[in-house]
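J.: Pasting the sequence and the predicted coordinates here, then a few questions.
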Amino acid sequence: PYCAMLLGDMGAEVLKIEEPVHGDDTRAWAPLQDGVSTFFLGMNRSKKSVALDLKSPEGAETLRRLIGTADILIENFRPGSLKKLGFDYKMVRGWNPQLIYCSITGYGQQGPKRDLPGYDAVIQGESGVMHVTGQPDGPPTRVGVAMTDYLAGLYAMNGILLALRDRDETGLGQHVDIALLDAMTSTLALPANVLFATGQELAREGNDHHSLTPYEAVTTRDGLVMVAVGNERLWHQFCEAIGRPNLETDPRFASNTLRMQHRTELKRLLADAVGGLTRDTLIERL
């Protein structure tokens, strides 16, 4: 849904094929606006809905006609489901050799888990993203939005656009295979690199960063402000902004490496420096 939404936003004509009795499951998801799911509205903008029973001869024939004139088909059935209905890639490319056929599944078209359904919450846990999300003394935590679905949708759109570019050269379409687990695992390249290189497993750090400081939420008089001091120039400007130029010349904090080594002391000093400021004051200074 997210991939097709993005393509629709860019000007593509998108036809969303729905089950004819109840339609898309998300039509029933609360909250509702004028009787319609706000989730459904948000994820299905820029689309037209078509109700088809693909198990009926009429519905199947209608879909065949649509595929014959389409540039792209996006499907998120479990592997093999559309083959039973006669709409797998091997079949449909015979009707339309230029078609870009994009499959988005939980675990891809091959492998021991290919037949399992894929859900964002499960994939967040299985991929390891939850392992590095949350407070150090708390449990693994799910990211607050469906990152798995969004990221897989972006990968799918990239694959589709690359396939279209290839079609400009070859005149032929191809099968784009996207797995939710692949998409989320790709986000863990940095923790994986650290593990492979050092044997160290990165733990949950809350709002702290494992390589930079201050790169975290600081507490002002009336709330939190997220700061991101990503280099030495910003460290100099940050010390000036909070009125503590002496921190910049403190040998404990002369480089990011040293600041990481003395993070506990730095956190205490920053709390003293910004604790009396309001959020708006600190943001204005920054």
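T.: Received it, and whenever you're ready, just let me know what you need.
J.: from here on, contacts and neighbour counts on C-alpha atoms
T.: Will do.
J.: for Leu224, which residues make a bridge with it?
T.: Beta-bridge partners of Leu224, counted by DSSP bridges, are Thr219.
J.: I'd say it and Asn207 touch.
T.: No: taking CA atoms under 8 Å as the definition, Leu224 is not a contact partner of Asn207, at 11.2 Å.
J.: So what's the model's average confidence on stretch 230-240?
T.: What stretch 230-240 shows for mean pLDDT is 97.
J.: Let me fix that, I meant to ask about stretch 144-160.
T.: pLDDT averaged over stretch 144-160 gives 97.
J.: Any chance you could list what contacts that stretch?
T.: Identification of contacts with stretch 144-160 by CA atoms under 8 Å, 6 or more residues apart in numbering yields 1-3, 6-7, 72, 100, 102, 104, 120-121, 123-124, 176-181, 183-184.
J.: Please enumerate the strands of the stretch 151-286 of the chain.
T.: 175-179, 215-220, 223-228 (DSSP state E, counting those that start in this stretch).
J.: got it, and the stretch 1-150 of the chain?
T.: Under DSSP E, counting those that start in this stretch, the stretch 1-150 of the chain gives strands at 14-18, 32-33, 36-37, 47-51, 72-75, 100-105.
J.: Any stretches of the stretch 101-250 of the chain with poor pLDDT?
T.: The model of the stretch 101-250 of the chain has no residue with pLDDT under 70.
J.: Which residue ranges of it form helices?
T.: 120-127, 147-170, 180-185, 189-198, 232-241, 246-249 (DSSP state H, counting those that start in this stretch).
J.: Just say which of those helices is most tucked in.
T.: Among the helices of the stretch 101-250 of the chain, helix 180-185 has the highest mean neighbour count (mean count of other CA atoms under 10 Å), at a mean of 22.
J.: Phe40 against Gly23, yeah?
T.: No: judged on CA under 8 Å, Phe40 makes no contact with Gly23 at a distance of 10.7 Å.
J.: Have a look at the two and say which one is more surrounded.
T.: Phe40 (18 against 15; other CA atoms under 10 Å).
J.: which residues do Leu224 and Asn207 both contact?
T.: Ala217.
J.: ranking the strands of the stretch 151-286 of the chain by burial, who's on top?
T.: When the strands of the stretch 151-286 of the chain are compared using mean count of other CA under 10 Å, strand 175-179 is most buried, at a mean of 20.
J.: Neighbouring strands of that one in the sheet, and parallel or not?
T.: Counting by DSSP bridges, strand 175-179 is paired with strand 100-105 (parallel).
J.: Can you give the contact residues for the strand it pairs with?
T.: 71-79, 89, 117-118, 152, 156, 160, 163-164, 173-180.
J.: what comes up buried for it?
T.: Judged by neighbour count (16 or more other CA atoms under 10 Å), strand 100-105 contains these buried residues: Ile100, Tyr101, Cys102, Ser103, Ile104, Thr105.
J.: do stretch 80-92 as well
T.: By neighbour count on 16+ other CA under 10 Å, the buried set for stretch 80-92 is Leu82, Gly86, Phe87, Asp88, Tyr89, Val92.
J.: Take those and keep only those in helices.
T.: If you go by DSSP state H, these have Leu82, Tyr89, Val92 in helices.
J.: Relative to Leu234, which of the residues you listed is nearest.
T.: Leu234 lies nearest to Tyr89 out of these, by CA to CA, at 52.2 Å.
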